[in-house]
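S.K.: sequence and computational prediction follow.
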Amino acid sequence: MADADGVEIPEVDSVSGSGVPIRGNDIDTDQIIPARFMKVVTFDGLGEFAFFDLRFDEDDEQKDHPFNEERFQDSSVMVVNSNFGCGSSREHAPQALMRWGIDAIIGESFAEIFAGNCLALGIPTVTADAETIEELQDWVDENPDGDLEIDVEAETVTYGSETIDVTVDDAQRKALVEGVWDTTALMKSNAAAVRDTARELPYVEADAIPEAE
Amino acid sequence: MSEGTLYDKVWDRHKVTTLPTGQDQLFVGLHLIHEVTSPQAFGMLRERDLEVAYPELTHATVDHIVPTADQSRPYEEDAAEEMMSELERNVREAGIDFSDPDSGDQGIVHVVGPEQGLTQPGKTIVCGDSHTSTHGAFGALAFGIGTSQIRDVLATGTLAFEKQKVRKIEVDGELGDGVGAKDVILEIIRRLGTEGGVGYVYEYAGSAIESLGMEGRMSICNMSIEGGARAGYVNPDETTYEWLEETDYFRENPEKFEELKPYWESIRSDDDAEYDDVVRIDADELEPVVTWGTTPGQGIGITDPIPEPEALPADKQDTARRAQEHMRVEPGETMAGYDIDVAFLGSCTNARLPDLRRAARIVEGREVHDDVRALVVPGSQRVQKAAEEEGLKDVFEAAGFEWRNAGCSMCLGMNEDQLEGDEACASSSNRNFVGRQGSKDGRTVLMNPRMVAAAAITGEVTDVRELPEAEVTA
């Protein structure tokens, strides 16, 4: 839907594409995008630095990593394990993944701030149990060109001849399916109620509250 | 569902409405910003022709990229200078207060807010930094957000958020000598896991928490996120109020102190509050905790053996094996005696005045080991100045520590303070992730500030309780 400021917010009711398995629990956002690549004032160009230290050695020679493999270069659905995206709140992490080509992530569990940052970019973070994830990672490994289709609304993933149930957090599902995941304009439309809330808080000084527009 | 907790009460007071997604729109009482995660958000505002809605409830400082040695402008590193200039432009255009280095008030954002009295009980506080949970030590509801959410807060003064569950963590008893707040939180994360707090806010309670000063409570709340909990808090009490009274805001507005106190009292968790979960920890049992691995949950008492990966739950074994390989540690051994190359005293976890005092007491009359590079990076310019005035700088420098200017520094290696090659670092910071301190082969051992001081002296991880008495030099 187009919001009040004319920003076009697409509905994300499904995502499909080939997969890439990123194995390991507790993959933190320092690994997804090392801090030294954050010395920038825009997110442009972060894609090439995704998982940089896992992909390259000190001499910039490639190491074994799915993001380096030719067969995964067109992948858009990442399949990860548990507590993915823990640590620093840096939105640079999902921004780097998105700019590399990732449109959706399926995993056993996600760190909260990371999942929130993904939602703000329209990237679903879909969960399933450990066993299902492992099967999915194996399938993706064997079928690098095979499509995975994530139906966000129905909470299913279809791959090969299988369709499995997955979980999408309620608020995330609504936000994506209804195209209200970019919340700025939505919340701005409640400005009068926001001012009322502020006036009721004893610590907010009256002159800190803006006049009605 | 929890009921009658501080979390429930603060949430209700700040809730504007429920959004169509089912999330609540929450009013933000204090928005802290810094140079790394905010410039893109200001860029998004410009793209959409939006202004900052509540500039007076927004406060900026510079911490992540600021050099801690030579701070003359322009900064030697172009990228750092560009980020600083961008922040200066953004705060100037929006009319946002900025604790910059020239003000004498600059520092790590989570040190600056509390020392100026911006951090108060019953506020909602957000910042584009996961350690925003620190401010929960004052009974605020404080959490880290991403850059798109910073845009939301700048543009609307609010945030879309889902209510979480509340887990009470009761730490009763007395902490022994050499055991501090850092050990309590490392133990909590060790027991509950790095993802154990996902979906929860942590309420820290019990006699051991109540007897801590504000800096100790901040160290604990600071690392809530390392246990997966986005926010953690301690109910405000006399200790909190004593701190607040001494801050700029309440010195300048003493009438506000009396005016706000009933509000602070009213948001304390009720005695009969209901929690979604309760965990109890015996403070008497704790000893200094150090990490042996590459997540903050891979911690261990200083006299305990490093676990065999096979003895851990199935889903932890792979991570443990990789961590032990990276750290080059052997299961069955203790961490005591692990050689270190660098000692780092700093970060938003442990760089406040009492942290530096405790470490200085260990260092006094001793010398940093020949093979160790040791540095102290105070949490803020005010901490730095106070420490210099009471002679702590002299103590550290006499022992061979470098005394630096305030910033995040080697906690995350975004300025020139970084590990090199496979150096091992005894660190008072919060994350031992691979590559965190600037070198992907670097090895980080997290510990409390006194333990860092002890390691700096002996050149290896050392039980500070067993450090021989310093020879007092005449």
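M.R.: Sure thing, it's come through.
S.K.: and the biggest strand by length in chain A, what's buried?
M.R.: Secondary structure of chain A per DSSP state E: the longest strand is strand A:14-22. For strand A:14-22, a neighbour-count test (16 or more other Cβ atoms under 10 Å in any protein chain shown) marks A:Ser14, A:Val15, A:Ser16, A:Gly17, A:Ser18, A:Gly19, A:Val20, A:Pro21, A:Ile22 as buried. Using the backbone N, CA and C atoms, a C-beta is placed for each residue, glycine as well.
S.K.: anything in it near chain B?
M.R.: No. Strand A:14-22 is not in contact with chain B by Cβ under 8 Å from any Cβ of the partner chain; minimum separation 13.5 Å.
S.K.: the very next helix or strand once past that strand packs against which elements?
M.R.: Tracing the chain past strand A:14-22, the next element assigned as helix or strand by DSSP states H and E is helix A:29-32. For helix A:29-32, the elements it packs on are helix A:92-100, judged by 3 or more Cβ pairs under 8 Å, 6 or more residues apart in numbering or on different chains; DSSP states H and E.
S.K.: which element is the residue in the stretch 201-350 of chain B that chain A sits nearest to on?
M.R.: Ranked by Cβ to the nearest Cβ, the top residue of the stretch 201-350 of chain B for proximity to chain A is B:Tyr263, at 4.6 Å. Per DSSP H and E, B:Tyr263 falls inside helix B:254-266.
S.K.: so what touches the helix or strand that that helix is followed by?
M.R.: Using DSSP H and E, the helix or strand that follows helix B:254-266 towards the C-terminus is strand B:277-282. With Cβ atoms under 8 Å, 6 or more residues apart in numbering or on different chains as the test, strand B:277-282 has contacts from B:165-173, B:184, B:187-188, B:191-192, B:200, B:206.
S.K.: residue ranges with poor pLDDT in the chain?
M.R.: All of this refers to chain A. For chain A, the stretches with pLDDT under 70 are A:1-7.
S.K.: that was the other one, I meant chain B.
M.R.: In chain B (pLDDT under 70), the answer is B:468-474.
S.K.: mind giving me the domain split of it?
M.R.: With domains defined by the TED database, chain B comprises B:1-287, B:295-466.
S.K.: export the ones you listed to TSV and append columns for mean neighbour count.
M.R.: TSV is the format used below for the domains of chain B (neighbours: other Cβ atoms under 10 Å in any protein chain shown):
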stretch	mean neighbour count
domain B:1-287	21
domain B:295-466	22
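S.K.: quick one: which of those domains is nearest A:Val204?
M.R.: Across the domains of chain B, A:Val204 has its closest neighbour in domain B:1-287 (6.6 Å, Cβ to Cβ).
S.K.: straight-line length of that closest one, end to end?
M.R.: 34 Å (Cα to Cα, to the nearest Å).
S.K.: same question, stretch B:141-161
M.R.: For stretch B:141-161, the separation between the terminal residues is 12 Å (Cα to Cα).
S.K.: please apply the same query to stretch B:168-181.
M.R.: The separation between the terminal residues of stretch B:168-181, taken as Cα to Cα, is 17 Å.
S.K.: quick revisit: so what secondary structure elements neighbour the longest strand of chain A?
M.R.: strand A:77-80, strand A:104-107, helix A:130-142, strand A:147-151.
S.K.: closest one to B:Gln23 among those?
M.R.: Closest to B:Gln23 of these is strand A:104-107 (Cβ to Cβ; 20.1 Å).
S.K.: dihedrals phi and psi, the residue nearest to the spatial centre of chain A?
M.R.: Centroid-nearest residue in chain A: A:Cys118, 2.8 Å away (criterion: Cα atoms, centre = their mean). Torsion angles at A:Cys118 (phi, psi; degrees, to the nearest 10) stand at phi -60, psi -40.
S.K.: how far away is it from B:Val28?
M.R.: To B:Val28, A:Cys118 is 21 Å away according to Cβ to Cβ, to the nearest Å.
S.K.: please apply the same query to B:Asp270.
M.R.: Distance of B:Asp270 to B:Val28, computed by Cβ to Cβ: 25 Å.
S.K.: same check, this time on B:Asp394
M.R.: According to Cβ to Cβ, B:Asp394 and B:Val28 sit 42 Å apart.
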